[in-house]
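Enquirer: Starting from these lines, generate the structure:
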Amino acid sequence: MPPELVVVGSVNLDLVARCARLPRVGETLTDATFARHPGGKGANQAVAAARLGARVGFVGAVGEDAFAEEALAGLREAEVDLRLACGEATGVAVILVDAEGENVIVVAPGANAQVGRVKAGGNVLCQLEVADETVVSAAESAERFFLNAAPARAIPAEVVQAAELVVVNRYELDALPETPRLLALTLGAGGAVLIEGGEEVARAAAPQVDAVDGTAAGDAFTACLVVSLLEERDREEALRRACAAGAIAASRPGAQPSLPTADEVDGMLRQGIA
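Expert: Numbers count the residues shown, from 1 in each chain. From the prediction side, this is the model:
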């Protein structure tokens with residue numbers, strides 16, 4: 001049976017401008033192309049987990065506006081079970097991406113800040129684009145709780161204590177109130193490490209790809225690591241698969257359009273790229 005996972009988090013409409021380089025402060029660039037994609041860390045990770053073979057539910061909120069259905073399109077296409085609250089305007093992310101795949105992102109959370117307390121139950125994955133009360137209640141209601149502590153911000157220590165696994169990059173690690181029991185630290189081109197009790201227990205290299213857009217690479221990594229662990233794969237294999245998923249996502253434009261399937265991850269691993 002496929003693993004079951006409830007993702008509690010944000011859903012946004014991504015407004016993406018691609019340009020040769022990122023503008024400096026006060027500078028206007030006019031060489032950009034523009035696209036709209038469904039996004040939000042929570043929705044991205046839910047879609048990624050579904051494409052990787054999990055049965056996925058999503059808990060979040062959208063507004064009663066024209067952006068809502070467009071923001072939900074990827075979740076619906078992936079056949080994710082939706083449990084949605086209604087808030088103010090649907091969340092929007094304004095994203096600039098340069099020719100090297102580097103990006104800057106500004107999020108207007110809108111309804112994502114109004115999800116409120118939730119009762120998720122079962123296996124739960126959460127991020128930090130929703131309010132503390134949502135994250136805390138997701139942790140309290142879960143049988144197994146996984147946390148992607150992104151974006152970096154202060155959170156209650158009890159959330160970290162409840163997490164079976166916490167996924168962070170270097171900046172997000174510095175914002176944690178205490179050291180998690182099991183930590184997955186992403187290192188960009190350096191791959192990722194698993195740290196338990198302060199000691200490294202697994203390491204995986206990052207596959208070499210031509211980076212196009214890193215917007216959802218961390219979401220692909222997180223979802224693949226969690227799904228792989230729920231599938232009872234060993235930690236080293238789970239970490240290799242997560243690095244492969246993140247690399248595939250970084251090699252494609254857009255957030256949810258970039259997320260790989262399990263077959264694509266397996267294909268990269270079979271080729272010895274990861």
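Enquirer: Hmm, D213 is touching E102, no?
Expert: No: contact criterion CB atoms under 8 Å: D213 and E102 do not qualify, at 9.1 Å. C-betas here are computed from N, CA, C, even on glycine.
Enquirer: how much space between the nearest residue to K119 once chain neighbours are set aside and V118?
Expert: Leaving aside its chain neighbours, K119 sits nearest to S141 (4.6 Å; criterion: CB to CB, 6 or more residues apart in numbering). Between S141 and V118 the distance is 7 Å, computed by CB to CB, to the nearest Å.
Enquirer: Show me which of the two is the more surrounded one.
Expert: Taking S141 and V118 together and counting by other CB atoms under 10 Å, V118 has the greater number of neighbours (24 against 17).
Enquirer: tell me which element that one is part of?
Expert: Here V118, judged by DSSP states H and E, is contained in no helix and no strand.
Enquirer: Any figure for the gap between V7 and M1?
Expert: For V7 relative to M1 (CB to CB), the value is 19 Å.
Enquirer: Mind listing what's buried along the longest helix anywhere in the chain?
Expert: Counting residues, the longest helix found in the chain (DSSP state H) is helix 235-250. For helix 235-250, burial by neighbour count (16 or more other CB atoms under 10 Å) applies to 235, 238-250.
Enquirer: picking up where we left off before, higher neighbour count, D213 and E102?
Expert: Comparing D213 with E102 by other CB under 10 Å, the one with more neighbours is D213, at 25 against 13.
Enquirer: Look up which residues are beta-bridged to D81.
Expert: Taking DSSP bridges as the rule, D81 bridges to G57.
Enquirer: quick one: contacts for it?
Expert: Residues near D81 by CB atoms under 8 Å, 6 or more residues apart in numbering: V56, G57, F58.
Enquirer: So the first one is in contact with A50, correct?
Expert: Yes: the pair V56 / A50 is scored as a contact, 4.5 Å apart, by CB under 8 Å.
Enquirer: Now for the two: what residues contact both?
Expert: The contact sets of V56 and A50 overlap at A78, V80 (CB under 8 Å, 6+ apart).
Enquirer: what's the spacing between the residue lying closest to E236 once chain neighbours are set aside and Q256?
Expert: In space, and not counting its chain neighbours, E236 is closest to A202: 4.7 Å by CB to CB, 6+ apart. According to CB to CB, A202 and Q256 sit 28 Å apart.
Enquirer: neighbour-wise, which of those two wins?
Expert: Per other CB under 10 Å, whichever of A202 and Q256 has more neighbours is Q256, with 27 against 17.
Enquirer: List the contacts of the more buried one.
Expert: H37, P38, G39, A43, N44, V47, G74, A216.
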